[in-house]
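Colleague: Next input, structure requested:
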Amino acid sequence: MDEHSILIPILNEDVTIFSVVVPKEFADQFDLEAMKMVEQFDRHPSGYNMDPNNKLQQARSFLLQNGMQLFFMDNDREEYLPDDLN
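Modeller: Okay, here's the model as predicted:
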């Protein structure tokens, strides 16, 4: 992908774009972890290669989905919602 390319995600009825506002420091740390994941896939001996056009997006998606699944598994709604929303 060259510097003038535009990445257009392929969406269907099961996939959507999810945007959130976070502190810059959090976003930087999140992207660093995603880049580490991409590097690990690139070095893996099985030769698994992520789509070169959206490696970082795939890693971000994986981190977010798995992180939230772990959060929901380990936390009860009553623990993190304000009392008036339970």
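Colleague: where along the protein do the helices fall?
Modeller: Counting by DSSP state H, residue ranges of the helices within the chain are 24-43, 55-74, 77-80.
Colleague: Could you point out which of these sits nearest F18?
Modeller: Go through the helices of the chain one by one with Cβ to Cβ and the one that ends up closest to F18 is helix 55-74, at 7.7 Å. Where you see a C-beta, it was placed from the backbone N, CA and C, and this is true even at glycine.
Colleague: Neighbours of R60, how many?
Modeller: Burial of R60, expressed as a neighbour count using other Cβ atoms under 10 Å, amounts to 19.
Colleague: list the contacts for the nearest residue to it once chain neighbours are set aside?
Modeller: Nearest-residue entry for R60: A34, 4.8 Å, with adjacent residues in sequence omitted and distances by Cβ to Cβ, 6 or more residues apart in numbering. For A34, the set of contacting residues under the criterion of Cβ atoms under 8 Å, 6 or more residues apart in numbering consists of L56, A59, R60, L63.
Colleague: any low-confidence regions in this protein?
Modeller: Residue ranges of the chain with pLDDT under 70: 1-10, 47-50, 77-83, 85-86.
Colleague: please redo it, this time with the cut-off set to 90
Modeller: Along the chain, segments meeting pLDDT under 90 span 1-20, 37-59, 61-62, 65, 67-86.
Colleague: still on that earlier bit, filter the contacts of A34 down to the buried ones.
Modeller: A59, R60 (16 or more other Cβ atoms under 10 Å).
Colleague: Nearest to N12, out of the contacts of A34: which one, please.
Modeller: Closest to N12 out of the contacts of A34 is R60 (19.0 Å), distances taken as Cβ to Cβ.
Colleague: Run through the residues that contact the closest one.
Modeller: Listed by Cβ under 8 Å, 6+ apart, the contact set of R60 reads F30, D31, A34.
Colleague: Distance to N12 added to the helices of the chain, as TSV?
Modeller: Supplementary listing: the helices of the chain in TSV, determined by distance: least, Cβ to Cβ, whole Å:
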stretch	distance to N12
helix 24-43	23
helix 55-74	15
helix 77-80	30
